[in-house]
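Student: Mind folding the following:
(chains A and B)
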Amino acid sequence: MEWYWVTEYAPKFVEGLWITIQLLVLSIGFGMALATPIGLVQVTGPKPLALLAKGFCSVIRGTPLLIQLWLIYYGLGSVFPSIPLIRESMLWPILRDAFPYAVFAFSLSVAGYSGEVMRGAFASVNKGELEAGRAFGMSGFTLLRRIWFPRAIQNVLPTLAGEFILTLKSTPLAATITVFDVYGVGSMVRQETYRIYEPLLLVAGIYICLSGLIIAFFRWIEHRSARRRLVGVEH
Amino acid sequence: MFESLGLEVLAFSPPGWGGTLIHGLGMTLKIAFGAYFLGLLIGLCGALGKIYGGATVKWALEIYTTIIRAVPELVLILLLYYAGTDLLNRVLEWLGYERVDISGLVAGICVLGVVQGAYSIEVIRGAILSVSAGQIEAAKASGMSWTLMHRRIIIPLAVPLALPGLANLWLIVTKDTALLAVVGFSELALATKQAAGGTKEYLLFYIAAALLYLIVSLTSNAIFKTIERHYRRGQAPAGR
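Tutor: All right, here's what the predicted structure looks like:
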């Protein structure tokens, strides 16, 4: 085991770590923004929308993320340049970069997996609480914002933590479409220094730390919401 | 019919790439089967070890399951692939044999099997621990030995409890085989990449591959539902 290269490549690893964190946070943000309506329409929505949401979840969950990523990057990426309207638009410089494609693919993946979780979460909220909200004269949206959504999220926090760790563990796939995340930097170091194991072990260590951080973050949130709930019961 | 839609590149014989995709799908299924059953074997032994083993065994298994589940599969595959073949060759050299080249199929099965094993241990352990104490006491009261009790009572009762988790693991392993494309093993994902690169029909081939994976997933779902119904016959439906 030789680690002489660590100091030389440390700045690269920091850059890679930053890319990984951006990928993770953006994908979870966009993904959850999609997963919430996907879960909700399956519980209350009109039939066609519910079926559409269900179909989306099955397709995302039934195909490998790597194929989805390549389909979006190579597939859509090969179609876009042939459309003059897109080539001339302001979006073109963004669409030439691989990073947005990775965020798009991972967001869809989070939406598919967490959409299923959110469906169960919305369905599991006690009917009485929703009726109480309506009895207070809450409009549909206020009810969703104040009661339905917070209660649903509270019930599935541990499951979501698991989903987000799975998302973290799939971010290195972005390296296969030339995004230089932590894993990408690790592969580069392997090629330049001919060390086979050490860079991989360092990368593995970094991911273990990141998973630990996600777990700790969710413990903290769960602890907070649980305490608030207990205070509510006492009064 | 194919020509009119521009789908002649999917024809089964060259110059079409359909045959390559189907061959890739075959390899994908072979690896998935192998890795899944290796994973189940590790899972069963590991679960028994975690429940009944001594402190050292428990600790070792705990480290194994924790690390495997916290590190990205892509990193694990590379690590296990290089470390595994390296280790084997060193052992062979030490024993005085010649170095061997391990076939991609065997390496893929072993690597994914070791990853699957960590998840299987947790699923099977949970199922065994959920077998009701009354059943176990009844088995002991009938004078069954440890082995007989596990073979006749605990394992058969644990199977339906473990099935949903095990079905999930099968779906995960079929999708994880795609990661082997990164180490250069020619399964469906890599075959698709080559076909797409060769014809420049990226969108078409990736959609075709996605459909093939989807068919595998949906079929497996249906099969697992049937198996679960078979094992749950005579039991009260879930949720009561």
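Student: Do you know the pLDDT at residue B:3?
Tutor: What the model reports as pLDDT for residue B:3 is 50.
Student: just the one 4 residues further on next, same as before
Tutor: Residue B:7 is assigned 68 on the pLDDT scale.
Student: give me the element the spatially most central residue of chain A is part of.
Tutor: Chain A has residue A:28 as the residue nearest its centroid, 2.9 Å off, counting by Cα atoms, centre = their mean. Using DSSP states H and E, residue A:28 sits within helix A:5-43.
Student: Contact partners for residue A:69?
Tutor: A:101, A:102, A:105, A:106, A:173, A:174, A:176, A:177 (Cβ atoms under 8 Å, 6 or more residues apart in numbering or on different chains). Using the backbone N, CA and C atoms, a C-beta is placed for each residue, glycine as well.
Student: again with residue B:40
Tutor: B:116, B:120, B:124, B:166.
Student: Quick check: the farthest pair among the residues you listed?
Tutor: B:116 and B:124 (11.6 Å; Cβ to Cβ).
Student: which neighbours do the two share?
Tutor: Counting by Cβ under 8 Å, 6+ apart, the residues touching both residue B:116 and residue B:124 are B:40, B:43.
Student: For residue B:145, grab the count of nearby residues.
Tutor: Applying other Cβ atoms under 10 Å in any protein chain shown, we find 10 residues neighbouring residue B:145.
Student: Please read the previous query as pertaining to residue A:141.
Tutor: So residue A:141, with other Cβ under 10 Å, has 8 neighbours.
Student: Can you check the pLDDT for it?
Tutor: 89.
Student: Then residue B:91?
Tutor: For residue B:91, the predicted pLDDT is 88.
Student: Please identify the helix or strand for it.
Tutor: Going by DSSP H and E, residue B:91 is in helix B:73-94.
Student: in that helix, what's buried?
Tutor: Buried residues in helix B:73-94, defined by neighbour count with 16 or more other Cβ atoms under 10 Å in any protein chain shown: B:73-82, B:84-85, B:89.
Student: and it, C-alpha only, in CSV?
Tutor: Extracted C-alpha coordinates of helix B:73-94, given in CSV (Å, rounded to 0.1, in the frame of the first residue of the first chain):
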residue,chain,number,x,y,z
GLU,B,73,-21.7,-1.3,-6.0
LEU,B,74,-19.5,0.1,-8.8
VAL,B,75,-16.6,0.5,-6.4
LEU,B,76,-17.2,-2.9,-4.8
ILE,B,77,-17.3,-4.6,-8.2
LEU,B,78,-13.9,-3.1,-9.2
LEU,B,79,-12.4,-3.8,-5.8
LEU,B,80,-13.6,-7.4,-5.6
TYR,B,81,-12.8,-8.0,-9.3
TYR,B,82,-9.2,-7.0,-9.0
ALA,B,83,-8.6,-8.1,-5.4
GLY,B,84,-10.4,-11.5,-6.0
THR,B,85,-8.4,-12.5,-9.1
ASP,B,86,-5.2,-11.2,-7.6
LEU,B,87,-5.7,-13.1,-4.4
LEU,B,88,-6.6,-16.3,-6.2
ASN,B,89,-3.5,-16.1,-8.4
ARG,B,90,-1.3,-15.4,-5.4
VAL,B,91,-2.7,-18.5,-3.6
LEU,B,92,-2.2,-20.6,-6.8
GLU,B,93,1.4,-19.4,-7.2
TRP,B,94,2.1,-20.1,-3.5
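Student: list the helices and strands that helix packs on?
Tutor: helix A:182-193, helix A:198-234, helix B:104-129 (3 or more Cβ pairs under 8 Å, 6 or more residues apart in numbering or on different chains; DSSP states H and E).
Student: now the angle from it to helix A:198-234?
Tutor: 140 degrees (axes from the mean of the first three to the mean of the last three Cα atoms, to 10 degrees).
Student: And the contacts of helix B:73-94?
Tutor: A:169, A:172-173, A:175, A:183, A:186, A:196-197, A:200-201, A:203-204, A:207, B:68, B:71, B:98-100, B:102, B:107, B:110-112, B:114-115, B:176, B:179-180, B:182-183.
Student: Can you select the buried ones from those residues in PyMOL?
Tutor: Here is the PyMOL selection string for the buried members of the contacts of helix B:73-94, based on 16+ other Cβ under 10 Å:
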select buried, (chain A and resi 169+172+173+175+183+186+197+200+201+203+204+207) or (chain B and resi 68+71+107+110+111+112+114+115+176+179+180+182+183)
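Student: circling back: among the contacts of residue A:69, which lie within strands?
Tutor: With strands taken from DSSP state E, there is no overlap with the contacts of residue A:69.
Student: just the residues you listed that are near chain B?
Tutor: Filtering the contacts of residue A:69 for proximity to chain B by Cβ under 8 Å from any Cβ of the partner chain leaves A:173, A:176.
Student: tell me the two of the contacts of residue A:69 that are most distant?
Tutor: Farthest-apart pair in the contacts of residue A:69 is A:106 and A:176; separation 12.8 Å (Cβ to Cβ).
Student: which parts of the strand or helix carrying residue B:139 are buried?
Tutor: Per DSSP H and E, residue B:139 falls inside helix B:133-141. When burial is assessed from 16+ other Cβ under 10 Å, helix B:133-141 yields the following buried residues: B:136, B:139.
Student: Could you list the residues in contact with the helix or strand following it?
Tutor: Remark: after helix B:133-141, the chain's next helix or strand is helix B:146-149, criterion DSSP H and E. Residues outside helix B:146-149 that contact it (Cβ under 8 Å, 6+ apart): B:136, B:139, B:140.
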